[in-house]
Every structure is written in structure tokens, then in C-alpha cells.
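>>> take a look and give me a structure for this.
(one chain, ligands or ions: 1)
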Amino acid sequence: MKSFRKELWFEIKGRRAFQNITEQVEDCLRESAIREGLCLVNAMHITASIFINDDESGLHNDFEVWLEGLAPEKPYSRYRHNRAEDNADAHLKRTIMGREVVVAVTNGKLDFGPWEQIFYGEFDGNRRKRVLVKIIGE
Ligand code: ZN
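Below you'll find the model as predicted:
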């Protein structure tokens, strides 16, 4: 069995954003030369997510509004975590949107359903953060 590991770095300007990282993950898969197996992609930070969904701007706005309804950024004083920080909402949003995705690798390609794309979700930006790509198979 082959194993491949790579860290992707992101620095999102602003507090929150969604970024399509599918092409970068496909580059990792090519580099790995693995044809059959599994590809794990996970955020290495507890205020950022990796998730799979549609690359459609209306939907991304819907996610932002929905997440702000569940866990509004402000007032900062509403969260106990914010006694020392201001990012409690980012931890909660990250948990809802998920830490990682696993995609099957078939015939050297990410075996997606229709419209599936991989996104990095940033909820507390303006600093460098890592995403781990781990691919195993043969
Ligand atoms: Zn925090």
C-alpha cells in the first residue's frame, strides 16, 4: 500500500470565507500516483472546516446567514469562551460544518457525485492555517 501526506496552507483575508480547494486536492492525488484508495482532507485548526458541497454563490451566502443565525459572531460577550478570545462563534461554526471529508479514489480520480466540490471554510481568518491531505491506496 502507498501512502501520501501533504499540508496545504491558506491565509484568508477577513474573518470568514469559503474557498474551493478541489483542484489543489486533485494535484495532491496526481502527485501521489495512487489509483485506487481513499483521500482524507482535514482542517488542522479548530476554527476552520473542510466540507463538500456545491460551488454556488447563493448557497454560500445561505451558509453564512444560517451559521450567523446559529452562532452569531457578536456580541462577543454572549460566549464564555470569549473571556480570553473573541472566536467562540468560529469554534461552533467549525463544528457544524465539519473537520474533514473522505473521498474515494477510483481509477486515479476523486470519485465525486454530481456537483460535489471540496471547500475550505474559514471562520476566524487573517492568519495562516494548514489543511492535511492524506491519501492511501495503491
Ligand atoms: Zn478560541
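>>> now the helices for the chain?
Ranges of helices in the chain, per DSSP state H, are 22-32, 57-70, 88-97.
>>> centre of the chain to the first one, how far?
From the chain centre to the centre of helix 22-32 is a distance of 15 Å (C-alpha atoms, centre = their mean, to the nearest Å).
>>> and of the helices of the chain, who's closest to the ion?
Among the helices of the chain, helix 88-97 comes nearest to the ion, with 5.5 Å by C-beta to the ion. Bear in mind the C-beta positions are built from the backbone N, C-alpha and C, glycine included.
>>> in that closest one, what's buried?
Ala88, Asp89, Ala90, His91, Leu92, Lys93, Arg94, Met97 (16 or more other C-beta atoms under 10 Å).
>>> then stretch 4-18?
For stretch 4-18, the neighbour count (16+ other C-beta under 10 Å) marks Phe4, Leu8, Phe10, Ile12, Arg15, Arg16, Ala17, Phe18 as buried.
>>> give me the beta-bridge partners of the third one?
Which is Phe10. Beta-bridge partners for Phe10, by DSSP bridges, are Lys129.
>>> that one contacts Lys129, correct?
Yes: between Phe10 and Lys129 there is a contact under C-beta atoms under 8 Å: 5.6 Å.
>>> can you list residues touching both of the two?
Common contacts of Phe10 and Lys129, defined by C-beta atoms under 8 Å, 6 or more residues apart in numbering, comprise Ala48, Glu122.
>>> I appreciate the help and will end here.
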